[in-house]
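Engineer: The sequence isn't on hand, but the structure is:
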């Protein structure tokens with residue numbers, strides 16, 4: 001357990017520090033260039049997606065910590081792989097970077113609220129994370145502080161930060177795999193007992209996230225590249241954050257199962273989406 005309490009926060013800090021190395025203050029200001037696309041994507045991620053996830057929880061009959069684990073996952077910001085998938089699908093990567101930057105800040109406030117309400121409803125726990133200042137500070141320290149340090153390093157040593165972009169991205173994927181393995185090891189029996197239910201929920205949530213992220217912006221005339229960026233940002237969650245918070249801040253290994261399952265399955269619909277969207281882009285280029 002000591003390994004979990006020490007290694008996981010350090011591993012997540014590395015991931016978030018790497019994210020900070022890719023960000024600048026301009027990434028936050030850039031939202032003014034395309035406010036509609038950013039606003040629609042953020043509303044989908046912060047409001048619509050938790051509502052969809054809640055509906056799936058009720059539809060599949062999830063209860064207790066498994067239900068809270070799904071809400072913890074959906075409240076986490078977009079994963080670092082979203083930029084790569086967006087690039088492969090012909091998305092507006094600059095918008096991805098902007099959304100990731102804003103979501104990383106918003107998550108510090110929205111994540112404790114969503115999880116706190118979820119724990120109060122599904123677990124009858126009056127001492128919910130959103131109502132405990134100490135746990136809020138932990139979320140702040142785990143999610144935002146390493147990002148801020150990474151941004152500071154990017155500003156002071158930009159050439160080094162740019163060189164480290166690819167290695168840190170690879171390290172982030174490795175960390176995600178290790179965190180998922182740690183979560184599975186911690187709650188192996190619970191995983192076996194619940195994979196039949198959690199698998200379909202996670203897979204369906206991933207598919208719906210991508211569809212909502214793409215078609216809602218398109219419905220309000222957001223251009224295609226920005227809609228692709230929105231889809232990838234909303235569909236690829238930072239499972240590392242969710243698992244780490246479950247195992248360390250919330251001290252519940254069963255709660256980490258849902259994010260771990262999603263962290264594995266989310267890449268399947270994302271890969272299919274990349275294939276379809278890139279083919280669509282190729283056809284548009286030929287016709288245009």
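Structural biologist: The structure has been received and is ready for your questions. Computed from a predicted structure; not experimentally measured.
Engineer: What are the boundaries of the helices in the stretch 151-288 of the chain?
Structural biologist: 158-163, 165-186, 188-219, 224-235, 239-244, 257-265, 267-287 (DSSP state H, counting those that start in this stretch).
Engineer: Tell me how far the nearest residue to residue 99 once chain neighbours are set aside lies from residue 100.
Structural biologist: Nearest non-adjacent residue to residue 99, counting by CB to CB, 6 or more residues apart in numbering: residue 233, 4.6 Å away. Yep, even glycine has a C-beta here, placed from its N, CA and C like the rest. To residue 100, residue 233 is 7 Å away according to CB to CB, to the nearest Å.
Engineer: out of the two, which sits in the busier spot?
Structural biologist: Neighbours were counted for residue 233 and for residue 100 using other CB atoms under 10 Å; residue 233 has more, 30 against 22.
Engineer: From what I see, that one and residue 41 are in contact.
Structural biologist: Yes - look at residue 233 against residue 41 with CB atoms under 8 Å: they come within range, at 6.1 Å.
Engineer: any common contacting residues for those two?
Structural biologist: Counting by CB atoms under 8 Å, 6 or more residues apart in numbering, the contacts common to residue 233 and residue 41 are 99, 213.
Engineer: and for residue 233 and residue 100, which residues touch both?
Structural biologist: With CB under 8 Å, 6+ apart, residue 233 and residue 100 have common neighbours 78, 82.
Engineer: With distance to residue 57 and mean pLDDT added, can I get the helices of the stretch 151-288 of the chain in CSV?
Structural biologist: Below are those laid out as CSV (distance: least, CB to CB, whole Å; pLDDT from 0 to 100):
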stretch, distance to residue 57, mean pLDDT
helix 158-163, 40, 84
helix 165-186, 19, 74
helix 188-219, 7, 90
helix 224-235, 18, 92
helix 239-244, 15, 84
helix 257-265, 10, 88
helix 267-287, 19, 76
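Engineer: could I get those as CSV with distance to residue 113?
Structural biologist: Below are the helices of the stretch 151-288 of the chain laid out as CSV (distance: least, CB to CB, whole Å):
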stretch, distance to residue 113
helix 158-163, 32
helix 165-186, 23
helix 188-219, 20
helix 224-235, 19
helix 239-244, 15
helix 257-265, 18
helix 267-287, 27
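Engineer: can you tell me which residues contact residue 141?
Structural biologist: Residues near residue 141 by CB under 8 Å, 6+ apart: none.
Engineer: Same question for it, what's its three-state structure.
Structural biologist: helix (DSSP: H, G, I helix; E, B strand; the rest coil).
Engineer: how much space is there between the residue nearest the centre of the chain and residue 160?
Structural biologist: Most central in the chain under CA atoms, centre = their mean is residue 237, positioned 2.3 Å from the mean C-alpha point. As judged by CB to CB, residue 237 and residue 160 stand 29 Å apart.
Engineer: Can you give me the neighbour number for the nearest residue to the residue nearest to the centre of the chain once chain neighbours are set aside?
Structural biologist: Excluding its sequence neighbours, the residue lying closest to residue 237 (CB to CB, 6+ apart) is residue 76, at 5.1 Å. Neighbouring residues of residue 76 were enumerated by other CB under 10 Å; the total is 27.
Engineer: repeat for residue 14
Structural biologist: Neighbour number of residue 14 under other CB under 10 Å is 18.
Engineer: List of residues touching the helix or strand containing it?
Structural biologist: In the assignment (DSSP states H and E), residue 14 maps to helix 2-21. Contacting residues not belonging to helix 2-21 are listed as 80, 100, 104, 142-154, 161, 164-165, 168-169, 171-172, 175-176, 178-179, 182, 186, 238, 240-241, 243-244, 247-248 [CB under 8 Å, 6+ apart].
Engineer: Type out the ChimeraX command that picks the buried ones from these.
Structural biologist: Remark: buried members of the contacts of helix 2-21, expressed as a ChimeraX selection using 16 or more other CB atoms under 10 Å:
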select :80,100,104,142,143,144,146,147,150,151,153,154,161,164,168,169,171,172,175,176,179,182,186,238,240,241,243,244,247,248
